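In: give me a 3D structure for the following:
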Amino acid sequence: MRTHGKNFRAAATKVNRENPYQPQQAIELVKSASFAKFDETVEVAVRLGVDPRHADQVVRGTVVLPAGSGKTVRVLVIAVADRAREAEAAGADFVGIEYVSKIKEGWLDFDVMVATPDQMGQVGQLGRVLGPRGLMPNPKAGTVTFDVGRAVRELKAGKIEFRVDKSGNVHAPIGKLSFSKEQLQTNFSAFMDQIVRAKPSAAKGVYIRNVAISSTMGPGVPIDTTPYR
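Out: A predicted model of the protein is given here:
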């Protein structure tokens, strides 16, 4: 059983677990309850009324956070010729088909891979390495595309991917604690809008069951789900 330190317990006393907060109040509480000595990530956890064991109830998607993610994302693009030059111009950190061989040799110094559809035959060889790490490009995430310039710009601007886990929960970062309340609220709204849009037609009953927001080290603050029902 996990035990929390006195700083966490002191912060947790500020949160009324029985009384869900409005997003603005919750964000203010997350910021005021922080006790860590570093710039924590602010995360949202959403419990959904879906059964991910059924393919038609899997919730996944992407959202470009309007205020950015606060994270420097290293983007690798597997493309050739004009597409490779387009990726470089858009600010990709690593570009070229030769990175397929480097990855086979153990190189993994990137956060997201983008690949053009014509190169997926090459990238497919890396499934055992990339799959378990969540690094495999995917058309639904916009990382398998001929429009590599746009993909790179969106990732650099704060595009994140989300996917429901086996328990029906979605976790996503929406910025850093150093962000202003307005920036965090804008990112939260964009993320929740996308979660609502991603509702599968097969999902029955209450779709959004619980929402909580927290910092890396801090307690979760429950958010009122009424607006999403």
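In: which residue of the chain lies farthest from its centroid?
Out: Computed with Cα atoms, centre = their mean, the residue of the chain farthest from its C-alpha average is residue 81, at 30.6 Å.
In: which element follows the strand or helix carrying residue 155 toward the C-terminus?
Out: Taking DSSP states H and E as the definition, one finds residue 155 inside helix 148-157. From helix 148-157 onward toward the C-terminus, using DSSP H and E, the following helix or strand is strand 159-163.
In: mean confidence for that next one?
Out: Strand 159-163 shows a mean pLDDT of 91.
In: buried set for whichever helix or strand comes after it?
Out: Per DSSP H and E, the first helix or strand lying C-terminal to strand 159-163 is strand 169-176. By neighbour count on 16 or more other Cβ atoms under 10 Å, the buried set for strand 169-176 is 170, 172, 173, 174, 175, 176. Any C-beta I mention is one placed from the backbone N, CA and C, and that applies to glycine too.
In: repeat that for stretch 82-101.
Out: Counting neighbours by 16+ other Cβ under 10 Å, the buried set in stretch 82-101 is 83-84, 86-88, 90, 92-97, 99-100.
In: got those residues as a markdown table, with pLDDT columns?
Out: Below are those laid out as a markdown table (pLDDT from 0 to 100):
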| residue | pLDDT |
| --- | --- |
| 83 | 97 |
| 84 | 98 |
| 86 | 98 |
| 87 | 98 |
| 88 | 97 |
| 90 | 97 |
| 92 | 98 |
| 93 | 98 |
| 94 | 98 |
| 95 | 98 |
| 96 | 97 |
| 97 | 97 |
| 99 | 98 |
| 100 | 97 |
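In: sort out for me which of these are in strands.
Out: 94, 95 (DSSP state E).
In: in the chain, which helix has the most residues?
Out: helix 181-197 (DSSP state H).
In: CA-only coordinates of that one in PDB, if you can.
Out: Below are the C-alpha coordinates for helix 181-197, written out as PDB (Å, rounded to 0.1, in the frame of the first residue of the first chain):
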ATOM      1  CA  LYS A 181      -4.500  29.700 -14.900                       C
ATOM      2  CA  GLU A 182      -5.900  31.000 -18.200                       C
ATOM      3  CA  GLN A 183      -3.500  28.900 -20.300                       C
ATOM      4  CA  LEU A 184      -4.300  25.700 -18.300                       C
ATOM      5  CA  GLN A 185      -8.000  26.400 -18.500                       C
ATOM      6  CA  THR A 186      -7.800  26.900 -22.300                       C
ATOM      7  CA  ASN A 187      -5.800  23.600 -22.700                       C
ATOM      8  CA  PHE A 188      -8.200  21.800 -20.400                       C
ATOM      9  CA  SER A 189     -11.200  23.000 -22.400                       C
ATOM     10  CA  ALA A 190      -9.600  21.900 -25.700                       C
ATOM     11  CA  PHE A 191      -8.800  18.500 -24.300                       C
ATOM     12  CA  MET A 192     -12.300  17.900 -22.900                       C
ATOM     13  CA  ASP A 193     -14.000  19.100 -26.100                       C
ATOM     14  CA  GLN A 194     -12.000  16.400 -28.000                       C
ATOM     15  CA  ILE A 195     -12.800  13.700 -25.400                       C
ATOM     16  CA  VAL A 196     -16.600  14.500 -25.900                       C
ATOM     17  CA  ARG A 197     -16.200  14.400 -29.700                       C
END
